[in-house]
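Trainee: Could you work out the structure for the sequence below:
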Amino acid sequence: MRTEFLRFLLTGSANTAASWVVYLFFNLFLPYTAAYTISYAFGMVFTYYMNTRWVFKVPMKWSTFMQFPVIFALRYCMDVSVLFILVKYAGCPETYAPLVTIGLTMPVGFLLSRLVLKRRTHGAQALPEENQPSV
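Mentor: Presented below is the predicted three-dimensional model:
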């Protein structure tokens, strides 16, 4: 599990950097919550791909693909709440608040991702290579 967590942190770091760039771009002309939502959707696709292929080394399956947005929905609610508190009450600048938010909530994301992706499912179909979700 230690190796998985290290790979999760590396993937999360890459995702954070890419998502932050997406956030900064959209924050130029959208409110910070809308910019964060767009960057979050980008991160969900990137993270699912990396978590299945590299972090947990499990095949992509329709069952996990369909469950993964639930993890992100739960994390999104938690993350936006933390983001709001950081910006509104803790005085954290909008530019850096997403980085702090992700750092605070990453352990929850690891545990939820591991639960869904590593859980044994009987009869779950792996996605054919040509039907794999694209990044």
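
Trainee: which non-adjacent residue is nearest the residue most central in space within the chain?
Mentor: Using C-alpha atoms, centre = their mean, the residue of the chain that lies closest to the mean C-alpha position is residue 44, 4.5 Å off. Excluding the flanking residues, the one nearest residue 44 by C-beta to C-beta, 6 or more residues apart in numbering is residue 72, at 4.6 Å. Bear in mind the C-beta positions are built from the backbone N, C-alpha and C, glycine included.

Trainee: Sticking with the one you found, tell me its helix or strand.
Mentor: Assigned by DSSP states H and E, residue 72 belongs to helix 62-88.

Trainee: Now do the buried residues in the helix or strand following that helix.
Mentor: Next along the chain after helix 62-88, taking DSSP H and E as the criterion, comes helix 97-118. The neighbour-count check on helix 97-118 (16 or more other C-beta atoms under 10 Å) flags 97-102, 105-106, 109-110, 112-114, 116-117 as buried.

Trainee: nearest to residue 39, of those?
Mentor: Closest to residue 39 out of those is residue 98 (7.4 Å), distances taken as C-beta to C-beta.

Trainee: Now do stretch 70-89: distance to the chain's middle.
Mentor: Distance of stretch 70-89 from the chain centroid (C-alpha atoms, centre = their mean, to the nearest Å) equals 12 Å.
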